[in-house]
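Peer 1: Pasted the sequence and its predicted model underneath.
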Amino acid sequence: MNLSFTVTQNELSDILLNLSPIRPVFIWGAPGIGKSALVQKFADDVGLPCVSLLGSQLAPEDIIGIPQIKGATSEFIPPKMIARQEPYVLFLDELNACSQEVQKAFYSLIHEKRIGEYHLPKGSVVIGAGNRSQDGAIVKTMSTALVNRMFHVQLVADPQQWINWAYENELHSWVIDYITQRPDHLFSEPPKTEEPYSTPRSWHMLSDALKAYGAGEKEVPESILRVLAYGSVSASHAGLFLAFVKNLSNKNLLSQIIKGDARFPSDPKDRDVLYFVSQSFRAKLLMELPEDKQKMDKNAQFLTHRAKALIKDLSHISLELAQMIVSSDDGKVLPEWFMVEIVRDLPRLIQNDK
């Protein structure tokens, strides 16, 4: 399922607080984007225990229970983990990965908070979550009856909100500083092949690995750092992360270059620094230049003025990297009005790029 609108982490938290007590909410999103963590945070915030069921590992009897004879009749006895006496949050993770028979078992639980004759305690909340079909995860078509029983939202990763969360949860400073400079690297779409890729969860995993090795507090061999990075996040991001770590003393270099207090490194031995700064510069332009030129504030006006001069300076050091900044090879395009000015003032970049 692809919804017309998406929500960020903070927006989802607000939706769960307001809607989930009255209607079941289903959260769509790619693996590793933070669905489970946000549900757990919601449960903690409202002071309820969270019980998680993994849809891909359930059979119908895990939901409806087993029959028990009582006198001349029988009744189904629901599982102990569901049949609780106090209100709680029931989190149905990977709900769209379970079989059609299991989905049917969820109908009354989701719609009426009931299994047979057992009713969830008053104040209980039911939340579902699952991956999208394009994510390469195990998913099955969700029945229309089940879809119609829930309110649906699609979660996307918001870099600044994640950075705030990372500070609060004391993730490794290298990871926080890197995503601060390259917020576009927080999440990448799942690849077609079996390989690590970047998500909020995988950056958290890299942070844990760096802490386990004491990186930053003691010397860690470059070969180990390479294993940790390439084993956690997308290969292209891992390479740039390693270049960032190697040149931590230059972490404020881009800001200094934009202000005019420093220049692009031109020494051949600093090629990896130049590449990282150039990539970061392009990411900054993509994030901060508005699509409509008339909506520029003073900061965007200054950045635009400096950008054209800096791209020209960079072209004298590396025409390839200067062209990379204004290219659309990655599918991301700088604002049209900015590209018109680049074509007018720096035609050599565009001509050589064709």
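Peer 2: It's in. Numbers count the residues shown, from 1 in each chain.

Peer 1: Need the outlier residue of this structure, farthest from its centre.
Peer 2: residue 72 (54.7 Å; C-alpha atoms, centre = their mean).

Peer 1: dump the residue contacts of it.
Peer 2: The neighbourhood of residue 72, defined by C-beta atoms under 8 Å, 6 or more residues apart in numbering, contains no residues. In short, each C-beta sits where N, CA and C put it, glycine included.

Peer 1: Can you check the pLDDT for it?
Peer 2: Listed pLDDT for residue 72 reads 75.

Peer 1: Quick check: phi and psi on it?
Peer 2: Main-chain dihedrals, residue 72, degrees, to the nearest 10: phi -90, psi 0.

Peer 1: Look up how far residue 118 lies from it.
Peer 2: Going from residue 72 to residue 118 by C-beta to C-beta, to the nearest Å gives 21 Å.

Peer 1: Same question for residue 4.
Peer 2: 37 Å.

Peer 1: between those two, who's got more neighbours?
Peer 2: residue 118 (18 against 5; other C-beta atoms under 10 Å).

Peer 1: Show me which helix runs longest in this structure.
Peer 2: In the chain, assigned by DSSP state H, the helix with the most residues is helix 298-317.

Peer 1: what about the strands in this structure?
Peer 2: 25-28, 50-54, 66-70, 73-77, 89-93, 114-115, 118-119, 125-130, 151-154 (DSSP state E).

Peer 1: can you redo those strands as TSV with distance to residue 143?
Peer 2: TSV is the format used below for these (distance: least, C-beta to C-beta, whole Å):
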stretch	distance to residue 143
strand 25-28	13
strand 50-54	18
strand 66-70	24
strand 73-77	21
strand 89-93	14
strand 114-115	18
strand 118-119	23
strand 125-130	13
strand 151-154	14
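
Peer 1: so which of these gets nearest residue 280?
Peer 2: strand 151-154 (28.6 Å; C-beta to C-beta).

Peer 1: Check the offset of stretch 272-289 from the chain's centre.
Peer 2: 20 Å (C-alpha atoms, centre = their mean, to the nearest Å).

Peer 1: Pull out the buried residues from it.
Peer 2: Going by neighbour count (16 or more other C-beta atoms under 10 Å), the buried part of stretch 272-289 is 272-286, 289.

Peer 1: so which of those residues comes closest to residue 204?
Peer 2: Nearest member of the buried residues of stretch 272-289 to residue 204, counting by C-beta to C-beta, is residue 283, at 20.9 Å.

Peer 1: So for the closest residue to the closest one other than its chain neighbours, what pLDDT did the model give?
Peer 2: Nearest residue to residue 283, sequence neighbours excluded (C-beta to C-beta, 6 or more residues apart in numbering): residue 184, at 4.9 Å. pLDDT recorded at residue 184 is 90.

Peer 1: residues in contact with residue 184?
Peer 2: For residue 184, the contacting residues are 159, 283, 286, 287, 332, by C-beta under 8 Å, 6+ apart.

Peer 1: ok, which stretches of the stretch 151-300 of the chain are helices?
Peer 2: 159-168, 173-181, 200-212, 222-230, 235-246, 253-259, 271-288, 298-317 (DSSP state H, counting those that start in this stretch).

Peer 1: Which strands and helices lie in contact with the shortest one?
Peer 2: Think helix 253-259. Packing contacts for helix 253-259, counted by 3 or more C-beta pairs under 8 Å, 6 or more residues apart in numbering; DSSP states H and E, involve helix 271-288, helix 298-317.

Peer 1: can I get those in a markdown table with distance to residue 43?
Peer 2: Shown next, in a markdown table, are the helices and strands packed on helix 253-259 (distance: least, C-beta to C-beta, whole Å):
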| stretch | distance to residue 43 |
| --- | --- |
| helix 271-288 | 33 |
| helix 298-317 | 40 |
